[in-house]
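Chemist: following is a predicted model, sequence given first.
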There are 2 protein chains.
Amino acid sequence: MASPAPAPVRLPKNYQLILDIVQESGRGRHLTMNDVFAQTSARRPGIGYSTVYRGLVRLRELGMISEIVVPGAVSATYEPAAERHAHFRCTGCSAIEDVDYALPTRVLRRVADKSGFDIAAGTVTFEGLCRHCRAGVHTA
Amino acid sequence: MASPAPAPVRLPKNYQLILDIVQESGRGRHLTMNDVFAQTSARRPGIGYSTVYRGLVRLRELGMISEIVVPGAVSATYEPAAERHAHFRCTGCSAIEDVDYALPTRVLRRVADKSGFDIAAGTVTFEGLCRHCRAGVHTA
DNA sequence: AGCTTAGTGAAGATGACTTTCACTCTCACC
DNA sequence: GGTGAGAGTGAAAGTCATCTTCACTAAGCT
């Protein structure tokens, strides 16, 4: 939703680093907070977990990154802000992938009308087997 | 809807009680594990938390109840097995409600084709304000 | 320099979920 | 009516992501 509009916001350098890391991970990659912390630590040893945590919160508030919560996943993941899209979780290897699908606004509107709810957003998650796992790779 | 098909399975009485509680809660109600435990305790004081936990796991395995994980919700909720439908979470009061919507299988198929994933299911969650909260009821 | 606010790291708190362990109950089969 | 194997049980502790607290430091302003 938010156009990535190069914020006029001045970001503390730690937060900037976190943003860089999430953005460099690129579209389609999904980093958990632990992942982000690990990468951040590598580049700036000594940084605290709470700083990373707060950075992710802040960046999310600023609309620069998105927090993705996928049912069945152990933890939330973060990705650069992007067009609305769905996610897929592999029940074999737990990988999370982007899926190019978004609920038509027509559906949102219809559901809102029928239910009386004021619907702000809809999220879609698919699950199944990724290309690898369906090919027979058995995950213990 | 789904006739509760009086399972040929013999259910331990604690598990049966748990099933009763979830089913009595009825379509559209969503109980957390704590809720279920509370109600179970009321009817059979002394029952252990782990028994309720195991009961929910078992009943889910048997397909008699569904576990619903809604992004943003603090904990998972349970509901009687029913037709596929979506859920709505109120960002004001955190209530979870049923929504009569399911992704068309056509969508699942199309996404599967495009992505190469073997898609088993898709879940849809809406969020926004429920009738109460949109009416201005402020939830602390 | 002196003040104020934001940012920081370490550590601990919180709370849902899950597992372990030792004990008890059930029940098919004697 | 026994009885032994396996299922069920309750208490308690473990796991783990997430979030908060606290004492301190850095940065910006006057």
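Modeler: It's in.
Chemist: can you tell me the closest non-neighbouring residue to A:Ala121?
Modeler: Leaving out its chain neighbours, the residue that sits closest to A:Ala121 by C-beta to C-beta, 6 or more residues apart in numbering or on different chains is B:Glu127, at 5.5 Å. For every residue, glycine as well, the C-beta is placed using N, CA and C.
Chemist: in terms of pLDDT, where does the one you found sit?
Modeler: On pLDDT, B:Glu127 comes in at 96.
Chemist: and for A:Arg29?
Modeler: For A:Arg29, pLDDT reads 86.
Chemist: how many residues are close by the nearest residue to it once chain neighbours are set aside?
Modeler: Counting by C-beta to C-beta, 6+ apart, A:Arg29 lies nearest to A:Glu79, which is 6.9 Å off, once chain neighbours are set aside. Residues near A:Glu79, counting by other C-beta atoms under 10 Å in any protein chain shown, number 22.
Chemist: same check on A:Arg60?
Modeler: With other C-beta under 10 Å as criterion, A:Arg60 counts 14.
Chemist: so it touches A:Val69, yeah?
Modeler: No: judged on C-beta atoms under 8 Å, A:Arg60 makes no contact with A:Val69 at a distance of 11.8 Å.
Chemist: quick one: contacts for the residue nearest to A:Ala82 when sequence neighbours are not counted?
Modeler: Distance criterion C-beta to C-beta, 6+ apart; nearest residue to A:Ala82, sequence neighbours excluded, is A:Arg27 at 6.0 Å. By C-beta atoms under 8 Å, 6 or more residues apart in numbering or on different chains, the residues touching A:Arg27 are A:Glu79, A:Pro80, A:Ala82, A:Asp98.
Chemist: where does chain A have its least confident helix or strand?
Modeler: helix A:131-134 (a mean of 92; mean pLDDT, DSSP states H and E).
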